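Visitor: Pasting the sequence and the predicted coordinates here, then a few questions.
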2 protein chains.
Amino acid sequence: MPEKFDIVRRQNHIVRSVYFFNEGDGKNKRLFGGKGAGLMEMTKLGLPVPPGFTITTEVCNRYFSNKCRLPEATMYEVNRNISKIERRTGRKFGSEKLPLLVSVRSGAAVSMPGMMDTILNLGLNDKTVKGLANSSNNPRFAWDSYLRFVQLFGKIVFNIEDKEFEAILTSIKQDHGLTDDSEMSERLLREAVTKYKGICQRHTNRQFPDDPYKQLQLAIEAVFKSWIGRRAVAYREKYNITKDVASGTAVNVVAMVFGNMGTDSATGVVFTRDPTNGSKKIFGEYLVNAQGEDVVAGIRTPQQIDKLAMEMPVTFKRLLRSCKRLEKHYKEPQDIEFTIERGKLYILQTRSAKMNATAMIRTSIDMVNERMITRKQSIMRIQAEDLDQILHRTIDASYTTGIKPVASGIPASPGAASGQVIFDVNRAISDSKKGNQVILVREETKPEDVPAFFSSAGILTSKGGKTSHAAVVARGMGRPCIVGCAKIIIDYSTKKFSVNGRTVNEGDIITIDGTSGNVYEGSMPTLPPKLTDDVRKILDWAGDFKTLEIRANADTQESARLARTYGASGIGLCRTERMFNAHGRLATFVDLIMAETDDSRRATLQKLGVLQKQDFKEILQIMGGCSVTIRLLDPPLHEFLPSLESSIYKVSGLEKGGDTPAMRDAQRVLQRVRDLVEVNPMMGHRGVRIGITHPEIYEMQIRAVCEAAAELESEKIKVHPQIMVPQVGCKKELDYIKKIYESVKSEVESRTGIKLKISFGTMMEVVRACLTADEIAGAVDFFSFGTNDLTQAVFSFSREDAEGKFLPQYIEKEILAENPFQSLDTKGIGSLIGLATSKGRSVKTALEIGICGEHGGDPKSIKFFHKTGLTYVSASPHRIPIAILAAAQAAIEHGQPKKRARMLA
Amino acid sequence: MPEKFDIVRRQNHIVRSVYFFNEGDGKNKRLFGGKGAGLMEMTKLGLPVPPGFTITTEVCNRYFSNKCRLPEATMYEVNRNISKIERRTGRKFGSEKLPLLVSVRSGAAVSMPGMMDTILNLGLNDKTVKGLANSSNNPRFAWDSYLRFVQLFGKIVFNIEDKEFEAILTSIKQDHGLTDDSEMSERLLREAVTKYKGICQRHTNRQFPDDPYKQLQLAIEAVFKSWIGRRAVAYREKYNITKDVASGTAVNVVAMVFGNMGTDSATGVVFTRDPTNGSKKIFGEYLVNAQGEDVVAGIRTPQQIDKLAMEMPVTFKRLLRSCKRLEKHYKEPQDIEFTIERGKLYILQTRSAKMNATAMIRTSIDMVNERMITRKQSIMRIQAEDLDQILHRTIDASYTTGIKPVASGIPASPGAASGQVIFDVNRAISDSKKGNQVILVREETKPEDVPAFFSSAGILTSKGGKTSHAAVVARGMGRPCIVGCAKIIIDYSTKKFSVNGRTVNEGDIITIDGTSGNVYEGSMPTLPPKLTDDVRKILDWAGDFKTLEIRANADTQESARLARTYGASGIGLCRTERMFNAHGRLATFVDLIMAETDDSRRATLQKLGVLQKQDFKEILQIMGGCSVTIRLLDPPLHEFLPSLESSIYKVSGLEKGGDTPAMRDAQRVLQRVRDLVEVNPMMGHRGVRIGITHPEIYEMQIRAVCEAAAELESEKIKVHPQIMVPQVGCKKELDYIKKIYESVKSEVESRTGIKLKISFGTMMEVVRACLTADEIAGAVDFFSFGTNDLTQAVFSFSREDAEGKFLPQYIEKEILAENPFQSLDTKGIGSLIGLATSKGRSVKTALEIGICGEHGGDPKSIKFFHKTGLTYVSASPHRIPIAILAAAQAAIEHGQPKKRARMLA
């Protein structure tokens, strides 16, 4: 045999396929996968890793390109490395005396928890099981292991569903009046093994493979195949894991160690720091006399790791040392799988711990203080988008006083959420598509349930601990989650759960508090989040690195205050029309639109002017000297009137009553609505186009800004309003409005004797403005890109129409990778923004350029804006922290963009 | 005095202000104005021009920049030149014996007929009038001249309205029982002069200026001021005469010659060729014993020029010689003003004759045949847009048999038009804005009526001849016009006219035929125009020069045939949805939209497929081998259903009847309309976005194209369909449809055994497609810009909304110079098209690139498309001749654009 393979090798010049753990480069995750590289790195660090080897991802790719056949040389190399394990362990593959068992594990470059397959106890057959029984002195353990192996092998290699095996086990237990697996005798286990193998034979029409080498080859191929399994592919799509990032999975073959060899054995998971809050305290769970999957599956409720210190103090100390060593090496908190076999510690896997945002922030600060990482590194390791989690809503305690929760569980992922109880994974997805808030309620969750997590506002399970599947996934996504809520008895068939004598039906509303673990009936009021000191510190650090200014979209006093609290350096978008809609002012504005004479229009405008001035004064005062960009009236006038549909209904309803005053009123409104109705109202007669046909409205608004500024300045309050014209397409539109602005401003200045500091600028939300930005720049102090409208104009569809009609299909059919209204289309809109920016700056180097669309709060888009050299982004107040962090990361990653000019103060 | 001015001149280094006619450069229209340059040129040619001089346009500009004060040196130079005239004529300014009289005429670089002012007989006062009376031996003539002078001077210098003078004249006539001015005696004229001067004194609080030099200065200033008069400014805006083209007016001071010195005197206008049809035959009118304005005003009906040959044969021969000389010199038919003073001919003015398109084409061909001009020159002198005139509708004779016109007048501008009779100029404008067809009916028209010409479908006057104001203006604009329709008695006060005993009220419909001069009551059916041999010849010549291909937008057999007749080399846009709307097929398409099951949808699609295949076969066959670009379904589905408004009305109307089948039907339709209704339907769910959500529709259409092509090819009929996908924004949309296309095509090919020649391309009407044209180009054989949609997306307003709501104000307030939906916005949309073209060609040099929006038939836009290097433009069939001519002109003017690639055959 060896000769034959050697010849093949020489002929094909095949690259090396297999690396023993002490041979590979632990940095090369692309080749060895995350798990393999970790095992290699740990081996190098001298940690107690069981001997084993890694088959590279490159083999995986050759496997697929070779029509799912392993390269011939691979099994030759595998077998040589098995011999190496045999030498290290003193056991032998297929030995009836001291048999070597191995696990076969997947491991791609990027962690895809639970998405691919693992086979344990490989190497067992009717002969080696005896060797295991003898050598372990525990025949029951040996046959239990054998049974587990056959089931796993059958499931993964032959695609046989678990329930087929479980049905057999159940019938054997019933036959013998047993209720628990642990009560099964060796004899019954043997019987089960035979029957399990029978199932496999029925499925494959072949003998169950007894040859360990054959088993190994089948297992390796099965792991490779799991890379293109439905779940794995879905996961990669969801998280946008492209081929550049991870191409194929590696396979790790590791000597088995057993946590289930008695009470001196155990298996567990340990985090080097607490992943729920980041505190510097080992955190984890273990099960005595168990194998790894028992912990992850959440079936038995595990022990807290602290208990290990008392139960196995020496091993615990060894574990602590390993944790320290690994964290120091990787400069990241680690998530470590370990097994204790008869008192001896083995580290089976390590990876960077998945943590929620609070924990990431806490550990970032701690590791900087411990001089483990730099501030830059501490900023870069936090996902900006994850900050959204820390801005969690909490249940308003003032409402819950006296209200007792119906149940309490283990708080696994913080935040409060209300929603309809849904038990079924598919229904959770479909209901959420309908716009319902869903709380997914399950006994436990499995990897195939992950899609439903995306659709749920919160997750509640009756089983499992803090490291159970539900807990890990929910934490990663920032979804509120309670696990192990044992009092809840779920009946899937009748679609209800009972808890303490009450019954909750599917569809009923509950509220879960993932911070406290409490479950409430009905919908509880929640409070907005507050920034912790930790977050403030990280944002402070981020502030030192970022070059983009972060401003807020804020139209009210409350949101202006929130913007300042969250660290905005100004208001980048204050929508004046929101003020018309507020505080019962709508009626006055409607009067303006319905006004038939110039006199009545003027009177209404004066009323509105007084109100607007007051609005502006309040916001300008809150922002004390920071830029406040006030956008003149933008939406079309008909937006303030009832819809055409409701107007027609009203008229035709009233028609029966004949010619009444109400009828005449309704007809008058309908007529005006008809006058104003547009084919494409999202474009059309709005923004500056109203400013030009109804200059009196813009004049009123400009006057209100000027007078507000003058009055505040006269009270020695520094202010800096920026007047922004929306919907501009041509320079002449700006010229027209600028004349009004200049005459009103100089009139107010000469009347008050106060020199006003006001900037005059334009939205860049019309494609033509971008194409002629050099001309436009001549008329203004600043540009502010309106990426919502630009996206609409560049794609030729509006957000409303697209999301309701065809965008879901576009994403599904992969025509668009993302919703361009959420994350900027850098190729299309981005190139237009780049063009306009360089055209604008070519004329005015000091031009202030910002963006104030939804994309201002999207980290990926912010990176683009930084690279393009914008002055600022303006985001919703609650996304300001995300924007600050994203801006800092962009600056760290890409440096200062060339020719970036800040506004002239 | 001379010393003083000489000093000023030396001090200020002032450029020369005044040129005697034999001194200036007759080519320099910018400096001397068209009229001045013409007089200079004619003087040089030795033609009998009265002596005179020109004050330059440069003085006009200095006059305005100097706060409306003449440069001091100017009047000095003027006076020196007056002396020159005195020497030439032997007359003296202010002389009581042989007084010199002059005319003071405006004249800008560009002809603005009737827009600015002229004063005649200047130099008359109570003393010189006697000299004129004595020297002419005609006191009545002298006082009549004096009276005319005072009125003109009062009107132009003092802004006194004509009606004030006319009231006096009327009262004098009434006092003496006279009905006609010619009956007034010298005594009465004297009385009138005194009273006219009294009016001037009342208006100015000053004596009427008697000093001829003072009169001259005031007149010069008045002419300068007329440059910025309301009418002149409006005219320049309308015709887009910018400062680059004409800046200020010159003033021409010319020795008066008199056509009203008796029956051996006359005045007239002569065209060197017939401006109504271009035939090589002198054409013109004159009045014996009259001054020039009598001809132009159209008050007296003049004689045909032929009669002059009999009345004054010697002078007529001299006139003919002058005509020949001038035409040969200018290489353009001339429009010449002449006066005969006591048998002596004077040429007062010459300019290129304004002609209608038929005449321009005729003369172009003739002048080429006469070797006067080259073919290139013959093409360049025709305004492409004017070809629209020759594509005039004519009244369908089969309908008018037996119908007698109510009146007949002088046919002054060809073409037939129906519309509501409107007498008031302002109402003509406002009614036309409401969308009404208007026929303007007046006794005569004046320059201030020109705006109403733009708003009218046709013009009918009861007075005047072929060279009257109404005739000239209407011909220039290509509006049907009948003048001198004397039977029509207009009563402005009761808003009606009577004709042969019938009464026509304002608002009644009439039809005028400007080709025959007939006026009909009611609306007559009209026929589409036919191409004459002349037009064919010019288009042939143009075809040799143009490099742009001209294709047609055509959806029906009739329009495809018309397109070929007019010279289109293919169909650039065949809208498949028009076919759904036609021939009662709408119901089937609505079935498709309303279909609730896949089965019913499939059945309907199959039915439609059969119909479409037949459509395509017919059009492809007509176009025999030429490219036929078939656009897949474009509009949103709801466009085929009733509107939301009508659906609601229907439902609420039926509601009263309870739950009837009709009610249920109406509700079902309403529900579907509601499902489909969009915020911005002009963008949104349409085009390729329907193709992706409803691939079965596109598949049906693609199959219909492929099968139509295969069936024709099997009959040995060569065809070349091009399948075009509308509304594409991303390459992946094209990839998706292309897969369908390729599979359907290869299926049809393998079934029929025929290799199909079909191209696959995309509309470029979404901004994103243009921005990413390099990517898009990878997927297609051709681009076709949809400039209507691009204009909408780049400006962020739709044609419908803009034209109804704010575009008129935008034009009026000069924010936009033109309606961008009519003439391409080259700065905005143009730069995007340029970008997309170079991006596309950077990837595929041979990419076929066309445009199929409305702009494809607009000459100015065509010039841009030529320069940009497009392969073709596609225009409405009736604009194909215009497009061919414009493309030739663009090629002659700009040569072959660089890197222009033709389609691969």
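Guide: Done, it's in.

Visitor: residue contacts, the closest residue to A:Ile489 other than its chain neighbours?
Guide: Of all residues not flanking A:Ile489 in the chain, A:Ser498 sits nearest, at 5.0 Å (Cβ to Cβ, 6 or more residues apart in numbering or on different chains). Yep, even glycine has a C-beta here, placed from its N, CA and C like the rest. Applying Cβ atoms under 8 Å, 6 or more residues apart in numbering or on different chains to A:Ser498 gives the contacts A:488-489, A:491, A:504.

Visitor: Reformat the residues you listed as JSON lines; add secondary structure, neighbour count and pLDDT.
Guide: Converted to JSON lines, the contacts of A:Ser498 look like this (DSSP: H, G, I helix; E, B strand; the rest coil; neighbours: other Cβ atoms under 10 Å in any protein chain shown; pLDDT from 0 to 100):
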{"residue": "A:Ile488", "secondary structure": "strand", "neighbour count": "22", "pLDDT": "92"}
{"residue": "A:Ile489", "secondary structure": "strand", "neighbour count": "13", "pLDDT": "92"}
{"residue": "A:Asp491", "secondary structure": "strand", "neighbour count": "11", "pLDDT": "91"}
{"residue": "A:Val504", "secondary structure": "strand", "neighbour count": "20", "pLDDT": "94"}
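
Visitor: Please name the strands paired to the helix or strand encompassing the residue nearest to A:Ile489 in the sheet, noting orientation.
Guide: Assessed by DSSP states H and E, A:Ser498 sits inside strand A:496-499. Next to strand A:496-499 in the sheet, as set by DSSP bridges, lie strand A:488-491 (antiparallel), strand A:502-505 (antiparallel).

Visitor: so who does A:Ala250 touch?
Guide: A:Ala250 touches A:31-33, A:35-36, A:54-57, A:60, A:106-108, counting by Cβ under 8 Å, 6+ apart.

Visitor: In strands, which of the residues you listed appear?
Guide: In this view, those that belong to strands under DSSP state E are A:54-55, A:106-108.

Visitor: Buried subset of those residues as a ChimeraX selection?
Guide: Typed into ChimeraX, the line below selects the buried ones among these, using 16 or more other Cβ atoms under 10 Å in any protein chain shown:
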select /A:54,55,106,107,108
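
Visitor: Which one of the ones in strands among the contacts of A:Ala250 is nearest to chain B?
Guide: The closest of the ones in strands among the contacts of A:Ala250 to chain B turns out to be A:Ala108 (Cβ to the nearest Cβ; 26.6 Å).

Visitor: State which helix of chain A is the longest.
Guide: helix A:598-623 (DSSP state H).

Visitor: what does the first helix or strand past that helix going along the chain contact?
Guide: Following helix A:598-623 in sequence order, the next helix or strand is strand A:627-631 (DSSP H and E). When contacts are defined by Cβ under 8 Å, 6+ apart, strand A:627-631 is touched by residues A:551, A:569-576, A:616, A:619-620, A:701, A:705, A:719-726, A:759, A:761, A:763, A:782, A:784, A:850, A:852, A:874, A:903.

Visitor: Phi and psi next, for A:Asn137.
Guide: Dihedral pair for A:Asn137: phi 60, psi 30, per degrees, to the nearest 10.

Visitor: which residues does the closest residue in space to A:Ser106 that isn't next to it in sequence contact?
Guide: Leaving aside its sequence neighbours, A:Ser106 sits nearest to A:Met116 (Cβ to Cβ, 6+ apart; 3.7 Å). The neighbourhood of A:Met116, defined by Cβ under 8 Å, 6+ apart, consists of A:106, A:108, A:223, A:226-227, A:229, A:232, A:249.

Visitor: now A:Arg30: how far from A:Asp508?
Guide: 49 Å (Cβ to Cβ, to the nearest Å).

Visitor: who's more crowded, these two?
Guide: When neighbours are counted by other Cβ atoms under 10 Å in any protein chain shown, A:Arg30 and A:Asp508 differ, and A:Arg30 comes out ahead with 20 against 14.

Visitor: need the contact list for the more buried one.
Guide: Taking Cβ under 8 Å, 6+ apart as the test, what A:Arg30 contacts is A:57, A:109, A:246-247.

Visitor: can you pick the most crowded of those?
Guide: A:Thr57 (26 neighbours).

Visitor: Am I right that it is in contact with A:Val110?
Guide: No. Checked against Cβ atoms under 8 Å, the pair A:Thr57 and A:Val110 is beyond contact range at 11.0 Å.

Visitor: Mutual contacts of these two, please.
Guide: Going by Cβ under 8 Å, 6+ apart, residues that sit against A:Thr57 and also against A:Val110 are A:Ala246.

Visitor: Give the next helix or strand downstream of the helix or strand bottoming out on mean pLDDT in chain A.
Guide: In chain A, no helix or strand scores lower on mean pLDDT, DSSP states H and E than helix A:2-12, which sits at a mean of 46. Where DSSP H and E defines the elements, the next helix or strand beyond helix A:2-12 is strand A:18-20.

Visitor: what does that following strand contact?
Guide: Contacting residues not belonging to strand A:18-20 are listed as A:32, A:36, A:40, A:51-56, A:59, A:74, A:77-78, A:80-81, A:84 [Cβ under 8 Å, 6+ apart].

Visitor: Can you list the strands that that strand pairs with?
Guide: Assessed with DSSP bridges, strand A:18-20 is paired to strand A:52-55 (antiparallel).

Visitor: what sits up against the partner strand?
Guide: With Cβ under 8 Å, 6+ apart as the criterion, strand A:52-55 contacts A:17-21, A:24, A:32-33, A:36, A:39-40, A:74, A:78, A:81, A:84-85, A:102, A:107, A:220, A:250-255.

Visitor: give me the residue from the stretch 301-450 of chain A nearest chain B.
Guide: Closest point on the stretch 301-450 of chain A to chain B, by Cβ to the nearest Cβ, is A:Lys434, at 15.2 Å.

Visitor: Tell me, how many residues neighbour that residue?
Guide: A:Lys434 has 7 nearby residues by other Cβ under 10 Å.

Visitor: how near is it to A:Ala232?
Guide: Where A:Ala232 is concerned, A:Lys434 sits at a distance of 29 Å (Cβ to Cβ).

Visitor: so A:Pro50 sits right up against A:Asn252, yeah?
Guide: No. A:Pro50 is beyond contact range of A:Asn252, at 10.5 Å (criterion: Cβ under 8 Å).

Visitor: More neighbours: which of those two?
Guide: The neighbour count for A:Pro50 versus A:Asn252, taken as other Cβ under 10 Å, is higher for A:Asn252 (28 against 21).

Visitor: give me the beta-bridge partners of the more buried one?
Guide: A:Thr54, A:Arg105.

Visitor: Quick one: the strands in the stretch 551-700 of chain A, in order.
Guide: A:570-575, A:627-631 (DSSP state E, counting those that start in this stretch).

Visitor: Can you name the residues that contact A:Val535?
Guide: Contacts of A:Val535 (Cβ under 8 Å, 6+ apart): A:361, A:387, A:390, A:881.

Visitor: Out of those residues, show me where the pLDDT dips lowest.
Guide: Looking at the contacts of A:Val535 by pLDDT, the weakest one is A:Ile390, with 78.

Visitor: Now it: closest residue in space, sequence neighbours ignored.
Guide: Nearest non-adjacent residue to A:Ile390, counting by Cβ to Cβ, 6+ apart: A:Ala357, 4.7 Å away.

Visitor: Model confidence for the one you found, exactly?
Guide: As predicted, A:Ala357 sits at a pLDDT of 86.
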